[in-house]
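**Q** sequence and predicted structure are below.
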Amino acid sequence: MKRVLFVCVHNSARSQMAEAFLNQLGKGKFFAESAGLEPGKLNPLVVRVMSEIGIDISKNSTNSVFEYLKEGRTYSIVVKVCDQINGQRCPIFPSAGISLNWNITDPSAVVGSEEEKLAQIRAIRDEIKTKVEALITVYG
């Protein structure tokens, strides 16, 4: 079974969605975890859009990439899901066999009414799901 780590800044949205998708869609082939530079609180709109498709992440905790490093965790694949194009910092995890960069918009940066934000976050969710499916195809 391949161990995969998804990392971003706060571990509150993108990495949480990616972890949930890979653990569901890649069950038996992959084991996913997620962490961030500065763990925060789960984004409630992300929790909501994931629940719309039957995935409950409401009880997930946010985790520190530094704690995982201190514990000596190793991964076959580390995926950075930060918005680096817009200058967002992204953690580096040195023990990865394969390191991937997915430039994904930060859900906390979306603007508009609640419905407009939800629509944008649904698009981010769907983009992450597509990327996770491709990861399973390529590395499974």
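**A** Right, received. Where do you want to start?
**Q** any idea which residue sits dead centre in the chain?
**A** S15 (1.4 Å; Cα atoms, centre = their mean).
**Q** and it, what element?
**A** helix 14-25 (DSSP states H and E).
**Q** V79 too?
**A** Counting by DSSP H and E, V79 is part of strand 75-80.
**Q** ok and that strand relative to helix 14-25, angle-wise?
**A** 140 degrees (axes from the mean of the first three to the mean of the last three Cα atoms, to 10 degrees).
**Q** CA atoms only for strand 75-80, dumped as CSV, please.
**A** Taking C-alpha atoms only, strand 75-80 is exported to CSV below (Å, rounded to 0.1, in the frame of the first residue of the first chain):
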residue,chain,number,x,y,z
TYR,A,75,5.6,8.6,2.2
SER,A,76,5.8,7.2,-1.3
ILE,A,77,4.2,10.3,-2.7
VAL,A,78,3.9,13.9,-1.3
VAL,A,79,1.5,16.2,-3.1
LYS,A,80,1.6,20.0,-2.5
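**Q** how far away from the center of its chain is that strand?
**A** 11 Å (Cα atoms, centre = their mean, to the nearest Å).
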